[in-house]
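1. attaching a predicted model along with its sequence, questions to come.
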4 protein chains.
Amino acid sequence: MTAVGFAGMGRMGVSMARNILRAGNELTVWNRTRERCLPLEQEGARVVDTPAALAQGVDVLVTMVADAAAAEAVLLGPDGALAALRPGAIVLEMSTIGPLAVRALAAAAAERGSHLLDAPVSGSTALAEAAGLTTMVGGDPGAFERARPVLAAMTKAQFYLGGSGAGATMKLAVNAIIALTNEAVAEALVLAESAGVGRADAYAVLAASAIASPFVQYKQAAFLDPDSSPVGFTTALMQKDLELALALAREHGVSMPATAAANEVLTLARRLGYGEGDLVRVADALRLDPTAESVELH
Amino acid sequence: MTAVGFAGMGRMGVSMARNILRAGNELTVWNRTRERCLPLEQEGARVVDTPAALAQGVDVLVTMVADAAAAEAVLLGPDGALAALRPGAIVLEMSTIGPLAVRALAAAAAERGSHLLDAPVSGSTALAEAAGLTTMVGGDPGAFERARPVLAAMTKAQFYLGGSGAGATMKLAVNAIIALTNEAVAEALVLAESAGVGRADAYAVLAASAIASPFVQYKQAAFLDPDSSPVGFTTALMQKDLELALALAREHGVSMPATAAANEVLTLARRLGYGEGDLVRVADALRLDPTAESVELH
Amino acid sequence: MTAVGFAGMGRMGVSMARNILRAGNELTVWNRTRERCLPLEQEGARVVDTPAALAQGVDVLVTMVADAAAAEAVLLGPDGALAALRPGAIVLEMSTIGPLAVRALAAAAAERGSHLLDAPVSGSTALAEAAGLTTMVGGDPGAFERARPVLAAMTKAQFYLGGSGAGATMKLAVNAIIALTNEAVAEALVLAESAGVGRADAYAVLAASAIASPFVQYKQAAFLDPDSSPVGFTTALMQKDLELALALAREHGVSMPATAAANEVLTLARRLGYGEGDLVRVADALRLDPTAESVELH
Amino acid sequence: MTAVGFAGMGRMGVSMARNILRAGNELTVWNRTRERCLPLEQEGARVVDTPAALAQGVDVLVTMVADAAAAEAVLLGPDGALAALRPGAIVLEMSTIGPLAVRALAAAAAERGSHLLDAPVSGSTALAEAAGLTTMVGGDPGAFERARPVLAAMTKAQFYLGGSGAGATMKLAVNAIIALTNEAVAEALVLAESAGVGRADAYAVLAASAIASPFVQYKQAAFLDPDSSPVGFTTALMQKDLELALALAREHGVSMPATAAANEVLTLARRLGYGEGDLVRVADALRLDPTAESVELH
């Protein structure tokens, strides 16, 4: 049994923290707005009011927040967690914030005698519930081994990839492929339907083809009828991740022309009013169909 | 039992024709160079010297050749097959030649009283051997029903998609997605490795992720070590298909910016000497590594 | 004085032919629809009914038609011009038809003992009237020298660029730059106005900057108010030329990623109903403003 | 006569400051490394050791530094200029730092009772010497009128474009066009030469065509022989500006697909070792010629 603190009760965070609790660990949680902690409080977690209180006495501290600024606030802000952690404690930074931000936080943790691992996850909210996520980990290998049971409570696969930032780097690479796969399906689907093949018929072929990834399979309903499907990952959020990926690429002199092209289509989708829409809305952006429900110019 | 004529004994064609024979049909074969017919002759097929001789007396004629010019030569050239077909016979045009060319051939067939279906296939040579291909079919629905047993001898799934050209259209859409998926993997993999994640580690994450399509799985060895892997679909052949796809897109007013970007990277790969290399060579083109074995400037 | 035949009385062709006449040459003209020849008939040109009649007795034959098919029809079709030309006569092919088509026609001319030069022109209808065009010439240098006085009657600059097809090649390169310059202005202008700079203020800066080419200067009114400006070169025509340029680039292994991206925006513009609109409409395509006058979905 | 302080003695800054002096103003200068102030000291400028000393008693303070961080250090750092300025003084921020950074500095200036105008310039070092630059100005219109004589001493044209950030915005738009024009010339030139037209012949046509901007004219020598030409604006610096432009575009929902494509070619050029090379090196990146002098892999 490990004493774990968890900061960030978003859609993913709640499910991930619950799985830590269910695995028999001692769980303390914190969220900027306290009410989101209530479900887990009923299930046995302790709720605290500050990141500093969260950090006291835990072996492992998990952060799963919106962006680099939020992670920095939790760890280094007023009443921040880092200063309150005991020496040797491990921070699992599981948000998607890019290797640059992660390395700065890891250095700050090291100064205070703790280890920060970047351990972002890949997978949907459904996979988060089912502890079916994948995590990509960077940082000290010994700290990874010690934190692994906590990671294993939340994820089905844990890939250790190298020094600090390696996990954050790989997460950006994975999301770049997802964005481009989504764009590929959108372009080909709009081509097929514009050239006279029915949308459902066309998708059925894709779902039986060599490119039928899990992503292509579970996006079928959304691509066939975007107006009636629940919104998953939004175009605006994906664009934030692509910007991190493209900035990382430029830093390392890597040309990503198709990713950059897909990024501009995300902008087009946002201009058409699909910023808070699901990724599949890029197909609507290519269709430019002004009768679609959510089109409203930026 | 159906009398089938098969034109085109390339790598895919030989396996497809063999499966027709194995399913208990009567098979006649023809190839521009006769020697490629010998293996099937030993297995019981009849070999003839001209497309016209191939067409005589068959119920179904299959063409599986390199491009539109070759298909036209087989069907409409000197000693061509169409003029020798009996009324009501069905032509299965299974090459990847685009909807425009297919419709012209279908019209020529209709004038002579036969039906031409476009029925290009998706899948590798391994799938062709195992009768595991997928076919996308356009043309007369009654003809499709009559020809279906022959198609089913070669493929595990047969999608009827609409009038003449619908199958050819869908094939181009599928190949566009394959090209862009390949580009997506290449860009993300080169990003990950340039930013310090090991290539094999990075690919292992991809192979466990939401975008792990069959294509991503079976290209693993080739992406990890392109110099030691057998060449599958080449960059030059894929570029031919992308040009057909992009031309079709322009005809229908469909913008395909990421596909167009991927197409320019294929050109870059060809310029670097990878024209006859496997599709995965686009990763080498992004790496621009002059020490790689096959780099030789155009 | 030279005996000149001129095929193609389009907007450019009429002005070019008139300048040949004004320079004191003997002019015969032909057009598919005879009535477009009447203005020049009144000014002293002889009008004939077939390309063959046009070719009889002339020293120089000029073709200025819509595309490669039209050029082929004039030269090699029924009653075609090539067969009727006297040995040693020179054909000036001044349409924009790409080097492949030009070389085929040049070979056909050579078989019949005449020289065909590709000599496409760059410039507007206003420059055509004022004999202010530029011509880019490929083919036999001796033939170029002999034909130069006729070219000089229509153009202010004659660039001899090499063997057959060199002029056609350069014309495609020039048009690719024009398309991309137009796209550059559109992207930057929409950026500036979306970020709060007035459109006219922004354009005034461009018109005073290092990229203030003649093109940027004379497109000012059209970019500022596309709805009230006469249509010059259309998006659909530019896309035809870009396709020739991109095909030539692939043939020679040249990657043109920004040109390819601009080409997809032309498709977007056509989808939005701007196919017959001026090139500057690409800015409206980026604005995606559904209140603009001519927006009407494809 | 106006008392002017000038921070930043780079290649552009020295010439701009000299022109202020020559116009009869009283000039004080500061630079991080004092020795770069010596030439102007000999010509009559006073040299000081800190931005605070520079600010004391001046009517107008000019900053012309490398990036936003440097501008912030000069104005708000230890011994910073803003705190030492007298109320009502005007700051001319003439670096290229983007509207976001400029607005933050303008707000800081306003809090201290002074006006900050963004007034970046467009033009080469030669134009800076000749007082032939163009400036794009954002901020308070009254402050612009009062500062205009100082701006006029350095520039031949002063465009007032709106509130704070308007000048910075327009500068990014102008640089995006320059980057894309450069890419357009590179793509078309490499196409022409790969297809058999001589490079110098091809450029001569461009220099006589509708896209022959001043930029195209003065880059002729560099495009024809990049190895022997002095380096002007580098690919790395242009990429910094393009990143600011693309970030601004995303903020305002503007899709810039061709600019994004050109940006990826700049990355390619940097990967090939041309980061400190002139912009025209993108043509070498498209050529991928390993025999060129400066190619050295990243």
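-> On my side now, so go ahead.

2. grab the nearest non-local neighbour of residue A:46.
-> With sequence-adjacent residues excluded and distances taken as CB to CB, 6 or more residues apart in numbering or on different chains, residue A:46 is closest to residue A:28, at 4.5 Å. C-beta: built from backbone N, CA, C; applies to glycine.

3. what's residue A:79 sitting at in phi/psi?
-> phi 60, psi 30 (degrees, to the nearest 10).

4. the nearest residue to it once chain neighbours are set aside: neighbouring residues, count only.
-> Nearest non-adjacent residue to residue A:79, counting by CB to CB, 6+ apart: residue A:50, 4.0 Å away. Per other CB atoms under 10 Å in any protein chain shown, the neighbour tally for residue A:50 reads 16.

5. circling back: the host helix or strand of the residue nearest to residue A:46 - what's its average pLDDT?
-> Here residue A:28, judged by DSSP states H and E, is contained in strand A:26-30. Strand A:26-30 comes out with an average pLDDT of 98.

6. if we can go back for a sec, hang on, the residue nearest to residue A:79 packs against residue A:77?
-> No. Applying CB atoms under 8 Å, one finds residue A:50 not in contact with residue A:77, separated by 9.6 Å.

7. now do the buried residues in the host helix or strand of residue A:73.
-> Secondary structure from DSSP H and E places residue A:73 in helix A:68-76. By neighbour count with 16 or more other CB atoms under 10 Å in any protein chain shown, helix A:68-76 contains the buried residues A:68, A:70-76.

8. C-terminal to that helix, what's the next element?
-> strand A:90-93.

9. sorry, back to before: quick one: which of the buried residues of helix A:68-76 is nearest to residue C:219?
-> residue A:68 (43.0 Å; CB to CB).

10. contacting residues for that closest one?
-> Counting by CB atoms under 8 Å, 6 or more residues apart in numbering or on different chains, residue A:68 makes contact with A:95, A:97-98, A:101.

11. dump those residues into a markdown table; add secondary structure as well.
-> Conversion of the contacts of residue A:68 to a markdown table gives the following (DSSP: H, G, I helix; E, B strand; the rest coil):
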| residue | secondary structure |
| --- | --- |
| A:95 | coil |
| A:97 | coil |
| A:98 | coil |
| A:101 | helix |
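
12. report the separation between the residue nearest to residue A:46 and chain B.
-> 31 Å (CB to the nearest CB, to the nearest Å).

13. for that residue, grab the count of nearby residues.
-> Look at residue A:28: counted by other CB under 10 Å, it has 23 neighbours.

14. then residue A:251?
-> Neighbour number of residue A:251 under other CB under 10 Å is 13.

15. if I look at it, how far off is residue D:244?
-> 16 Å (CB to CB, to the nearest Å).

16. got the angle between the longest helix belonging to chain A and helix B:166-194?
-> Counting residues, the longest helix in chain A under DSSP state H turns out to be helix A:166-194. Interaxial angle, helix A:166-194 versus helix B:166-194 (axes from the mean of the first three to the mean of the last three CA atoms, to 10 degrees): 170 degrees.

17. next, the angle helix A:166-194 makes with whichever helix or strand comes after helix A:166-194.
-> The element immediately downstream of helix A:166-194 (helix or strand, assigned by DSSP H and E) is helix A:199-207. If you take the same axes, to 10 degrees, helix A:199-207 sits at 140 degrees to helix A:166-194.

18. now helix A:199-207 - C-alpha only, PDB.
-> Written as PDB, here are the backbone C-alpha positions of helix A:199-207 (Å, rounded to 0.1, in the frame of the first residue of the first chain):
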ATOM      1  CA  ARG A 199     -20.500   7.700 -46.600                       C
ATOM      2  CA  ALA A 200     -21.500   4.600 -44.600                       C
ATOM      3  CA  ASP A 201     -20.400   2.300 -47.500                       C
ATOM      4  CA  ALA A 202     -17.100   4.100 -47.700                       C
ATOM      5  CA  TYR A 203     -16.500   3.900 -43.900                       C
ATOM      6  CA  ALA A 204     -17.300   0.200 -43.900                       C
ATOM      7  CA  VAL A 205     -14.500  -0.400 -46.400                       C
ATOM      8  CA  LEU A 206     -12.100   1.600 -44.300                       C
ATOM      9  CA  ALA A 207     -13.100  -0.300 -41.200                       C
END
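
19. fine by me, we can end here.
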